[in-house]
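Colleague: Okay, here's the prediction I keep looking at, along with the sequence it came from:
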Amino acid sequence: MRWPKVASVRDLYRTSLPIPYAGGTYPPKAPPQIIGGLLAFESDWVSGFGKALLEVLTAADRDERLDLGCVAAHGIFCRKEGGDGYEIREKGKPATAFLFELIARLQGSATVPMIDVRAYAQWLHK
């Protein structure tokens with residue numbers, strides 16, 4: 001199983017400009033890695049979050065890999081912070097756990113880069 005949509009989003013052109021503030025200008029911030037995820041109510045897999053899921057997740061190449069996911073009826077999976085494997089959580093309230101994990105990962109990105117809006121507007125003149 002592959003997730004080419006994740007790779008296509010990660011491959012999009014993104015911009016960053018210097019960030020002006022009252023005391024001067026910060027240099028452009030590099031855009032952070034895009035978080036790839038999956039959210040579903042149910043899974044047709046009999047094993048739910050078993051060995052088959054881990055095999056599929058770890059077989060994906062770097063650009064197509066999923067970082068986190070939730071199947072509300074079964075649990076959540078998260079790529080470990082160092083990128084070495086996955087953690088699976090099958091107990092508790094999966095949708096809420098997924099939301100908190102997503103928020104925590106977004107917080108890790110901190111301040112978003114300043115977008116070069118004019119770079120995106122150039123296509124209007126083509």
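Modeller: Arrived safely, thanks for sending. Nothing here was measured: the structure is a model prediction, and the numbers come from that model. Residues are numbered from 1 along each chain as shown.

Colleague: alpha carbons only for contacts and neighbour counts from here, please
Modeller: Fine.

Colleague: which other helices and strands contact the host helix or strand of L106?
Modeller: Here L106 sits within helix 94-109, counting by DSSP states H and E. When contacts are defined as 3 or more CA pairs under 8 Å, 6 or more residues apart in numbering; DSSP states H and E, helix 94-109 packs onto strand 68-71, strand 75-79.

Colleague: Would you check how far apart the residue nearest the centre of the chain and D67 are?
Modeller: Of all residues in the chain, the one closest to the mean position by CA atoms, centre = their mean is I35, 1.1 Å from it. According to CA to CA, to the nearest Å, I35 stands 6 Å off from D67.

Colleague: what residue ranges in this structure score low on pLDDT?
Modeller: 1-2 (pLDDT under 70).

Colleague: Correct me if wrong: V71 contacts E42.
Modeller: Yes: taking contacts as CA atoms under 8 Å, V71 lies within contact range of E42: 5.6 Å.

Colleague: All the helices of this protein, residue numbers only.
Modeller: Secondary structure of the chain (DSSP state H): helices located at 4-10, 51-59, 94-109, 117-121.

Colleague: who touches the first one?
Modeller: By CA atoms under 8 Å, 6 or more residues apart in numbering, the residues outside helix 4-10 that reach it are Q33, I34, G36, D63, E64, R65, L66.

Colleague: out of those residues, which is most surrounded?
Modeller: L66 (23 neighbours; other CA atoms under 10 Å).

Colleague: Quick check, that one in contact with R79.
Modeller: Yes: between L66 and R79 there is a contact under CA under 8 Å: 7.4 Å.

Colleague: Tell me who's in contact with the residue in the chain sticking out farthest from the centre.
Modeller: Here the centre of the chain is the reference, and by CA atoms, centre = their mean the most remote residue is G23, at 33.3 Å. Neighbouring residues of G23 by CA under 8 Å, 6+ apart: there are none.

Colleague: quick revisit: out of V71 and E42, name the residue with the larger neighbour count.
Modeller: V71 (20 against 13).
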